[in-house]
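Trainee: Structure, please.
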Amino acid sequence: MATARAKLPPLVLDFDGTLQRDDLSQLALVWLWRTYPLRAIGVVLRGVVLGRPAAKLALQEAAFNHQFMPTLRWNTPLITAARRSGQPLLVATGSPERWVAALLAEAGYTWPVLGTTATSGNFVGKIKAQALIARFGHRGFDYAGNSRADLAVWAACRHAWVVSAKGRLTKRAAKRALIQKVFPA
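Mentor: This is a model prediction of the structure:
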């Protein structure tokens, strides 16, 4: 059995809106605005001046400094299906890598995490696709995502899992990859 599992390509799970139903940066910014409004303004200004990755990392720092660990709404059907697939699981996210790893560990999940860092930049879209291709090869992984930013990743994956897609996203994903599973909103 271990030999069969080793041959399966990894299933890469997006975090925000896919593995868990909320956007971590939005949750953190709302929390920061309610508890420390001046710091929230500083984070927004940092994003304007230094870009989105800097703002995400500033939110992570504020959350860690004040022990803010949001209550997340996990996508239980996706998690169950992912575990049943028998594939190695990995999380790839536009959220800060260290923060997502801490949230997963707190929830009891031990999956590796790739995400936004000071060196990776905003780990979404083409940046995420290129990193996954470098690690697993073109069509060397399956990918579960939920947004337009995931189209670039679906174009590089073997099988697509589409989660909570709105509008024509499922049709657009189908033009880029073989859709294996679709999960409703």
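Trainee: Can you name the element that comes right after the lowest-mean-pLDDT helix or strand in the chain?
Mentor: Lowest on mean pLDDT, DSSP states H and E among the helices and strands of the chain sits helix 2-7, with a mean of 57. Later in the chain than helix 2-7, the nearest helix or strand by DSSP states H and E is strand 11-13.
Trainee: what does the lengthiest strand in the chain contact?
Mentor: Ranked by residue count, the top strand of the chain under DSSP state E comes out as strand 89-96. Strand 89-96 is contacted from outside by 10-16, 19, 24-25, 56-57, 59-60, 82-83, 100, 104, 111-117, 122-124, 128, 131-132, 141, 143, 149, 153, using C-beta atoms under 8 Å, 6 or more residues apart in numbering. Any C-beta I mention is one placed from the backbone N, CA and C, and that applies to glycine too.
Trainee: correct me, but S85 touches V12?
Mentor: No. If you go by C-beta atoms under 8 Å, S85 and V12 don't touch, sitting 11.7 Å apart.
Trainee: ok, these two, which is more surrounded?
Mentor: Shown here are S85 and V12; by other C-beta atoms under 10 Å, V12 has more neighbours (28 against 18).
Trainee: how about the nearest residue to I79, chain neighbours excluded?
Mentor: In space, and not counting its chain neighbours, I79 is closest to L19: 7.2 Å by C-beta to C-beta, 6 or more residues apart in numbering.
Trainee: got it, and L178?
Mentor: Nearest residue to L178 in three dimensions, chain neighbours excluded: H159, at 5.4 Å (C-beta to C-beta, 6+ apart).
Trainee: can you pull the pLDDT of G121?
Mentor: Note on G121: pLDDT of 88.
Trainee: which stretches of the protein have low pLDDT?
Mentor: Counting by pLDDT under 70, the ranges of the chain that qualify are 1-6, 185.
Trainee: Which segments of it make up each domain?
Mentor: The chain breaks down into these domains under automatic domain parsing: 2-21+74-183, 24-65.
Trainee: Can I get whichever strand or helix holds L59 in PDB? Just the C-alpha atoms.
Mentor: Element membership of L59, judged by DSSP H and E, is helix 52-65. Presented in PDB, the C-alpha positions along helix 52-65 are these (Å, rounded to 0.1, in the frame of the first residue of the first chain):
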ATOM      1  CA  ARG A  52       0.200  43.300  -0.700                       C
ATOM      2  CA  PRO A  53       2.800  40.800   0.700                       C
ATOM      3  CA  ALA A  54       4.100  43.500   3.100                       C
ATOM      4  CA  ALA A  55       0.600  44.100   4.300                       C
ATOM      5  CA  LYS A  56      -0.100  40.400   4.800                       C
ATOM      6  CA  LEU A  57       3.100  39.900   6.800                       C
ATOM      7  CA  ALA A  58       2.300  43.000   8.900                       C
ATOM      8  CA  LEU A  59      -1.200  41.500   9.700                       C
ATOM      9  CA  GLN A  60       0.600  38.200  10.600                       C
ATOM     10  CA  GLU A  61       2.900  40.100  13.000                       C
ATOM     11  CA  ALA A  62       0.100  42.000  14.600                       C
ATOM     12  CA  ALA A  63      -1.900  38.800  15.100                       C
ATOM     13  CA  PHE A  64       1.100  36.900  16.600                       C
ATOM     14  CA  ASN A  65       2.000  39.900  18.800                       C
END
